[in-house]
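Trainee: got a predicted structure here, sequence first:
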Amino acid sequence: MPAKPCAQLRSVEGIQYELVRKKVKQLHLRVRSNGTVMVSIPLTASLEQADRFVLQNAQWIRDTRVKNITKLNKDNADLPDKATALAYFTAMSDKVYPAFAGVLGGQKPILKVRSMTSCWGVCCPNKRQITFALQLYNQPPAAQIYVVVHEYCHFLQLNHSPAFWAEVEKLLPDWKARRELLKR
C-alpha cells in the first residue's frame, strides 16, 4: 500500500494552510469545520501555484470560516452537559428497550453521549453499546425517538438493508417523517 502523502504547512498573506501533493489533475481547496485550510495539488504543480490558488480564494476561505464558526456556535448554543443528556437519553431508551429485551438477552446496552457532527447516533452491537450525539438533545422528541429506535434496530440488522428498515417500520410506521425532522 502506498504511503499517505505528507502535508506541508504553508502560509501566504496571513492564511495558513496544509499542502498535500497528490495524483490529482486540478488544485483542490477545502476548509474543515475547525477552520484549517487544506490544499491538494498535482505532483507537478509548483508551490507558487498553490500560493496563488489560496490567494485567489482568500475571500471564500474567510467567508467559509465565518460560516463554520457561526454554525458551530449555533449548533452548540444550548447543549446540556453530557451527564444531563445521558440521563435524558437513558430515559428515552428505557421506553424503547422492552421491544428488544429478548434480542439483547435481558441486558440493556451501554449508553454514551458525545459531541458528533456527522451522525446522530452509533450502534456497536459487538460492544452492546449505543452512542448518541450530544446535538440530538436539541432536536424534536419525535426525531429523538426515531434515532433511538434506529440504533436499537442495529442489534437486529447490522446494515441499512430493506430488512433493517422493515424492523424500524414495525416500531415507527412514520419513521420517514421523523427522519425528515433531523434534516431541517
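Mentor: Yes, it's here. These numbers were taken from a predicted model, which means no experiment stands behind them.
Trainee: contacts, neighbours, all on C-alpha from now
Mentor: OK.
Trainee: dihedrals phi and psi, the residue positioned nearest the centre of the chain?
Mentor: Nearest to the mean C-alpha position of the chain, by Cα atoms, centre = their mean, lies Ser118 at 1.1 Å. Main-chain dihedrals, Ser118, degrees, to the nearest 10: phi -110, psi -10.
Trainee: roughly how far does it sit from Leu182?
Mentor: Going from Ser118 to Leu182 by Cα to Cα, to the nearest Å gives 12 Å.
Trainee: quick check: next helix or strand after the lowest-mean-pLDDT helix or strand in the chain?
Mentor: None of the helices or strands of the chain scores lower by mean pLDDT, DSSP states H and E than helix 58-75, at a mean of 78. Using DSSP states H and E, the helix or strand that directly follows helix 58-75 along the chain is helix 82-96.
Trainee: and that next one, how far out from the chain middle?
Mentor: The chain centre lies 20 Å from the centre of helix 82-96; the measure is Cα atoms, centre = their mean, to the nearest Å.
Trainee: is it true that Gln16 touches Leu9?
Mentor: Yes. Here Gln16 reaches Leu9: they are 7.1 Å apart, a contact under Cα atoms under 8 Å.
Trainee: can you tell me which residues contact Phe100?
Mentor: Residues in contact with Phe100, defined by Cα atoms under 8 Å, 6 or more residues apart in numbering, are Tyr152.
Trainee: need the helices for the protein, in chain order.
Mentor: 47-56, 58-75, 82-96, 141-153, 162-171, 175-182 (DSSP state H).
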